[in-house]
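A.B. asks: okay, structure incoming, though there's no sequence with it:
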């Protein structure tokens, strides 16, 4: 049973999940750094059509043109969070320092994004990508309506350097009992901005990026993609709805996923053209489920290439070093 | 000139340093993952004795038994921070969102830890390690006395997966105009703890770890090494002075470096015995230079193996997953 340890003094949150040491890892033998891999043939891919018995039963499917599944969502076989993580088991010796241990409560699902052994998102058609995005939205909505959780994080680890253990395209969803600290901190700042200006700060940011122009990669069909002013890595790109939309699930309900799939495919192909073998993460920052003021949230998808490993300065001080300005990155992505 | 970009809404701090794209990288061709490397022979090692002309002139040296240098500190040839980073150049279009750009002001030095092409710290003798630690303390003291800076971060990137670009053993020091946000947040919590209990919370932590015992790796000669309760990765280990010492530089002045070198060598050898090819970082959390209350600081050296890459959950939510409990890690390290 995974255990959540939080340490008040250092501010750390760690899930100790010894069950995850048993995960199959296609990158464990003969890895290349940060690249797209063809996989280790010693591991039978549990995400390929025909191997459904290697995963828990699906909780959601979308069918393809041929009537077989195109997208498949399954509970994570090696979860970092458990539904029944209820029993608090605070370590007594740590209590006076406010360090706690409890069952890590939550949901942890895998979104299998193709029935075929595809290893990169740029290989998916716009139509296939639309189904991926609709699956994201459906599962986020499911866990929001479940009522027990306060935040849903949808994230992708693509390539070994981004934390993937399998090459077959997939993403993950965790439903959490609290919004994570970075999300909470940003929410407070966004609420402060709304209080001052009466307007969503992300809408302001989009206006400013649009008028500056130099960091914009694409805009159209209701979405804008740009390299953020404080990009953490070369070619980091954010995709946001141009008009105000607090929650990703809400956008999906309004029929905008086909347009988003087109913009996202273009961005992914541009990034992969600049970094053909790069690993990357993407995640969706959607509105926390317990916040009522829609003006202080405006969802975004962050695509973060993992060009250089996070080093001591990043980990110890939270200061990132980026050897490529986002203005130059955006220029190259526009031209790609 | 490196540029510091801070973004109020997301809380990001990024140094855009295009000069760093020119760094030689011994790991750029044919890297193995997270391992100790023999280096890329296409790169002449600038840290080996005889190649001093490949670095800026040294600002500090310690001599070895033969009268030649044993430890050599040089300004970083590809600095992320510059002494003369004075001119604030706030990007106007971002001002209403409180995002700033200014010259990244600070010092950035490299501590070359051996004249020989040694690729792992466990190869150094206790005597050699003592000189390394004394060099750390001397440079931290130098920048503290300089007066312009508020925090000194001493960190090591060992191996490609930990962010190193050269294999020859070395560490880095940055002097910063502000304590970094994670250090500030921990300081506030430590001060709160002192206010409540009248006592250094780190001294309390050491008492608790000592009485629990299960996470302790070694204790003796005035130092304790243990796997922290909320370890981020397998075999993470902290080394702390058993008695209260706020600043690392202070400990050095009290002649404790020989004892520390012995404990640190033992810890490094134990960790390397469990993870023979692992990359790791270490860094020293010493007292911020502008804090007067010595009771709320107690320095530590954190050694963080980089066993698995930080993935989407870590980066987006700040939640780490550790597949090995620190109790089991400490047990294996004690027996190693």
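C.D. replies: Right, received. Where do you want to start? These numbers were taken from a predicted model, which means no experiment stands behind them. Numbering: from 1, shown residues only, chains lettered A, B, ... in the order given.
A.B. asks: now the helices: where do they sit in chain A?
C.D. replies: A:126-146, A:181-197, A:201-212, A:248-253, A:257-274, A:312-317, A:326-335 (DSSP state H).
A.B. asks: those helices: lowest mean pLDDT?
C.D. replies: Taking the average pLDDT of each of the helices of chain A, the minimum falls on helix A:248-253, with a mean of 88.
A.B. asks: next, the buried residues of that helix.
C.D. replies: For helix A:248-253, the buried set under the neighbour-count rule, 16 or more other Cβ atoms under 10 Å in any protein chain shown, comprises A:248-252. Bear in mind the C-beta positions are built from the backbone N, C-alpha and C, glycine included.
A.B. asks: ok, now stretch A:200-214?
C.D. replies: By neighbour count with 16+ other Cβ under 10 Å, stretch A:200-214 contains the buried residues A:200-206, A:208-209, A:212.
A.B. asks: now swap in stretch A:268-276 and tell me
C.D. replies: Going by neighbour count (16+ other Cβ under 10 Å), the buried part of stretch A:268-276 is A:268, A:270-272, A:274-275.
A.B. asks: now do stretch A:309-324
C.D. replies: Of the residues in stretch A:309-324, those with enough neighbours to count as buried (16+ other Cβ under 10 Å) are A:309-317, A:319-324.
A.B. asks: with stretch A:121-138 instead?
C.D. replies: A:121-122, A:124, A:128-138.
A.B. asks: can that stretch be found next to chain B?
C.D. replies: No: using Cβ under 8 Å from any Cβ of the partner chain, stretch A:121-138 never reaches chain B; the gap is at least 13.1 Å.
A.B. asks: mean confidence for stretch A:5-20?
C.D. replies: Computed over stretch A:5-20, the average pLDDT equals 89.
A.B. asks: is any part of it close to chain B?
C.D. replies: Yes: looking at stretch A:5-20 against chain B by Cβ under 8 Å from any Cβ, the contacts come from A:5-20.
A.B. asks: what are the buried residues along that stretch?
C.D. replies: Applying a neighbour-count criterion of 16+ other Cβ under 10 Å, the buried positions in stretch A:5-20 are A:5-10, A:12-17, A:20.
A.B. asks: report the two of those separated the most.
C.D. replies: Largest separation among the buried residues of stretch A:5-20 by Cβ to Cβ: A:9 and A:20, giving 25.8 Å.
A.B. asks: next, count neighbours for residue A:152.
C.D. replies: Residue crowding around residue A:152 was assessed by other Cβ atoms under 10 Å in any protein chain shown; the count is 28.
A.B. asks: does it have any beta-bridge partners, and if so which?
C.D. replies: Listed beta-bridge partners, residue A:152: residue A:175 (assigned using DSSP bridges).
A.B. asks: for it, give me its contacts.
C.D. replies: Applying Cβ atoms under 8 Å, 6 or more residues apart in numbering or on different chains, one finds that residue A:152 lies in contact with A:139-140, A:143-144, A:173-176, A:286, A:289.
A.B. asks: nearest to chain B among these?
C.D. replies: residue A:174 (6.6 Å; Cβ to the nearest Cβ).
A.B. asks: can you tell me the closest non-neighbouring residue to residue A:64?
C.D. replies: residue A:70 (3.4 Å; Cβ to Cβ, 6 or more residues apart in numbering or on different chains).
A.B. asks: ok, now how distant is that neighbour from residue A:129?
C.D. replies: In this structure, residue A:70 and residue A:129 are 11 Å apart, going by Cβ to Cβ, to the nearest Å.
A.B. asks: find the closest residue to chain B in the stretch 151-300 of chain A.
C.D. replies: Taking Cβ to the nearest Cβ as the measure, the stretch 151-300 of chain A has residue A:163 as its residue closest to chain B, at 2.4 Å.
A.B. asks: correct me, but that residue touches residue A:281?
C.D. replies: Yes: counting by Cβ atoms under 8 Å, residue A:163 does reach residue A:281; the two are 7.3 Å apart.
A.B. asks: so for the two, which residues contact both of them?
C.D. replies: Common neighbours of residue A:163 and residue A:281 (Cβ under 8 Å, 6+ apart) are A:157, B:311-312.
A.B. asks: want to throw those residues into JSON lines with distance to residue B:25?
C.D. replies: As requested, the shared contacts of residue A:163 and residue A:281 are arranged in JSON lines below (distance: Cβ to Cβ, whole Å):
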{"residue": "A:157", "distance to residue B:25": "24"}
{"residue": "B:311", "distance to residue B:25": "23"}
{"residue": "B:312", "distance to residue B:25": "26"}
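A.B. asks: of those residues, closest to residue A:150?
C.D. replies: The shortest separation between residue A:150 and any of the shared contacts of residue A:163 and residue A:281 is 18.7 Å, and it belongs to residue B:312 (by Cβ to Cβ).
A.B. asks: which residues does the closest one contact?
C.D. replies: Taking Cβ under 8 Å, 6+ apart as the contact definition, residue B:312 lies against A:153, A:155-157, A:162-163, A:172, A:281-283.
A.B. asks: contacts only, for the closest residue in space to it that isn't next to it in sequence.
C.D. replies: What sits nearest to residue B:312 in space, not counting adjacent residues and going by Cβ to Cβ, 6+ apart, is residue A:155, at 3.1 Å. The neighbours of residue A:155, taking Cβ under 8 Å, 6+ apart as the test, are A:171-174, A:281-284, B:311-313, B:316.
A.B. asks: got TSV for those, with distance to residue A:103 too?
C.D. replies: Written out in TSV, the entries for the contacts of residue A:155 read as follows (distance: Cβ to Cβ, whole Å):
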residue	distance to residue A:103
A:171	25
A:172	20
A:173	19
A:174	15
A:281	27
A:282	29
A:283	24
A:284	26
B:311	22
B:312	22
B:313	17
B:316	22
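A.B. asks: stretch A:224-234 vs chain B: in contact?
C.D. replies: Yes: against chain B, stretch A:224-234 shows contacts by Cβ under 8 Å from any Cβ at A:228-232.
A.B. asks: next, give me the two most distant ones among these.
C.D. replies: Spatial extent of the residues of stretch A:224-234 next to chain B (Cβ to Cβ) is set by the pair A:229 and A:232 at 11.3 Å.
A.B. asks: neighbour count for these two, which is higher?
C.D. replies: Legend: neighbour count by other Cβ under 10 Å for residue A:229 and residue A:232, higher for residue A:229 (28 against 22).
A.B. asks: from memory the more buried one sits against residue A:329, does it?
C.D. replies: No: with contacts counted by Cβ under 8 Å, residue A:229 stays clear of residue A:329, the gap being 11.5 Å.
A.B. asks: which neighbours do those two have in common?
C.D. replies: Applying Cβ under 8 Å, 6+ apart, one finds that no residue jointly contacts residue A:229 and residue A:329.
A.B. asks: and the strands in chain A?
C.D. replies: Counting by DSSP state E, chain A has these strands, from start to end: A:3-7, A:12-16, A:60-63, A:69-75, A:99-103, A:106-112, A:151-158, A:170-176, A:216-220, A:223-226, A:237-241, A:280-285, A:300-305, A:319-322.
A.B. asks: so who does whichever residue of the stretch 201-336 of chain A sits closest to chain B touch?
C.D. replies: Per Cβ to the nearest Cβ, the residue of the stretch 201-336 of chain A with the smallest distance to chain B is residue A:311, at 2.4 Å. Neighbour list for residue A:311: A:321, B:155, B:157, B:162-164, B:281 [criterion: Cβ under 8 Å, 6+ apart].
A.B. asks: please apply the same query to residue A:80.
C.D. replies: For residue A:80, the contacting residues are A:2, A:15, A:17, A:20, A:104, A:106, A:108, A:174, B:313, B:321, by Cβ under 8 Å, 6+ apart.
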